[in-house]
Structures are given as structure tokens and as C-alpha cells.
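In: Let me see the structure of the following:
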Amino acid sequence: DLISPQTLIQYVCLCSLATFERFELHRLILMSPNMKQYLELEPSIRDILHKFYETSYSSCIALMSQYEPIFALDQYLAPHLCTLYYEIRHRIIITYFLPYKNACMNTMAHQLNTTIDLLEDELVHLIRSGKIKARIDSKNKILYVADTDQRWYAYQHALTITKQSEKITRALLLRSAIIKANLSVKDDSIPQSNRSLNNNNNNNNNNNNNINISRRQFVPNMMGNMMMDEEDLSDDGTMN
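Out: From the prediction side, this is the model:
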């Protein structure tokens, strides 16, 4: 059997609404030179396509409901009409939620010309079928996108480790510079009396070390250098 161009464009557009993304619909249908001449023959279909592409989903669904009885008269289209409308509606819900991290279900129900309970049932079906990666807050009626991007977590973990490593490295460099410059940092948590006592002990130890060092000299020997005390150095102990 032969079909008219008007009927053909109905089939093409309803199938494209059920399966195409918005950019595909725009490129392959709305902007196609071959399709434009056929779209002029069916203004109703053209309006539905434009409303979908412009994200005017409420108007798109209203037009589809208006022309549903006309589409049902087609003997070839009628057996598949419910399935097509079902898929188109799901495509609208998916496209509506795509740019958001979360969405108010009350607003969605108003935009999609449905009730909150029916919308929640549809969302549950889409989530279970894997078409939407989201979770539903039934109490507050909010739809949240499911955060499944593991790369983001890996990036955040690597960034945290990098910051910690940088902090440790800066502390080590600062400590090295302080030691090299013979600087000391006072600890306010130590009482002044204890600090003075510690300083005196350190000074005494340093003085003793200086005395011991000054009393030792390096004396050449046949076997190499060896350390001797001053009292061991005499005219008899020197090498001839």
C-alpha cells in the first residue's frame, strides 16, 4: 500500500521524538533540507517538534494529547501509538532532568502536565531501568542525581594528598633552614624557670665540649692521623 507524505512525516517525527536526542532532532529533522518540505505539509507535527526542541515540554505534551485521537485513526500507527507516546514521555522526563543536579518534583509535575504520584511512579520505572541515574527523596519530593563519577573522587583524593605533601615539605624545609641558621624557637608552653634551667644546662655542656675539643689536637703519625691530649705532647713525644 502507498502512504501519503503527510502520513510518512507523522511516522518519522513520532519515532524521532521517541529515540533522538535534542541535537539529533535539530540536525536530522528540523534543519534537514529534505525534511523541511515535508514538515510544511504537517504544521501540527512541526509544532510538536519545535516545542520539544525548545524545551517547552508542557506545550509539547499538550499538543500531543490534542492530536492523539487523530493519530489513533491510522490503522498502521494505532497499534504502536501507546508505546510511542510512552517512550516520548520518558524521553521528555530524561531530557528535562539532564542539566540538573536535583529537581523539585512538584515543579516537574506541573511542567509535564501530570500529578506528583504519577510522576514518582514514572521516575521509579526510569531509575530501575537505568535510564536515569538518580534517587528520589519521597518525603521532600526532590529528585537527586546519583553521583557515580569515580574520577571526581579520585581527583579530590589526589588533590588532598598533594596538599598534605606540600605542607609537610614546607615544614621540613623550614626546619632545615632554622637548623642551618642556628636559630631556636621558643615554646611558650614551657615555664620560664624550666626554660632558664635548660638553657644553663645546655650552656654548661657546650662549654665542656669546647674545653675538651681545645685540649685535643691532631698529630701526624706513620699510620695516619691520631688524636692525642696536650699533656701527651712534649719534646720527647714529638717526631725527630
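
In: and the protein, what are its domains?
Out: 1-99, 100-147, 149-181 (the TED database).

In: Now render those as TSV, adding mean pLDDT.
Out: As requested, the domains of the chain are exported to TSV (pLDDT from 0 to 100):
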stretch	mean pLDDT
domain 1-99	88
domain 100-147	86
domain 149-181	83
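
In: With mean neighbour count as added columns, please give these in CSV.
Out: (Glycine included, C-beta is placed from N, CA and C.) Shown next, in CSV, are these (neighbours: other Cβ atoms under 10 Å):
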stretch, mean neighbour count
domain 1-99, 15
domain 100-147, 14
domain 149-181, 10
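
In: ok, now how distant is the nearest residue to Q111 once chain neighbours are set aside from F52?
Out: Spatially, and ignoring its direct neighbours in sequence, Q111 is nearest to S58 (5.2 Å; Cβ to Cβ, 6 or more residues apart in numbering). Computed with Cβ to Cβ, to the nearest Å, the distance linking S58 and F52 is 11 Å.

In: Might you report the residue contacts of the closest residue to H26 other than its chain neighbours?
Out: What sits nearest to H26 in space, not counting adjacent residues and going by Cβ to Cβ, 6+ apart, is Y53, at 5.6 Å. By Cβ atoms under 8 Å, 6 or more residues apart in numbering, the residues touching Y53 are 22, 25-26, 30.

In: what about I161, distance to I168?
Out: 11 Å.

In: S65 too?
Out: Distance from S65 to I168, counting by Cβ to Cβ: 65 Å.

In: Just the helices from the chain, written as ranges.
Out: 5-19, 22-25, 33-39, 43-53, 57-71, 78-97, 105-111, 116-128, 150-180, 192-214 (DSSP state H).

In: how about those in a markdown table, adding distance to R135?
Out: Shown next, in a markdown table, are those (distance: least, Cβ to Cβ, whole Å):
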| stretch | distance to R135 |
| --- | --- |
| helix 5-19 | 26 |
| helix 22-25 | 25 |
| helix 33-39 | 39 |
| helix 43-53 | 27 |
| helix 57-71 | 22 |
| helix 78-97 | 12 |
| helix 105-111 | 12 |
| helix 116-128 | 7 |
| helix 150-180 | 17 |
| helix 192-214 | 59 |
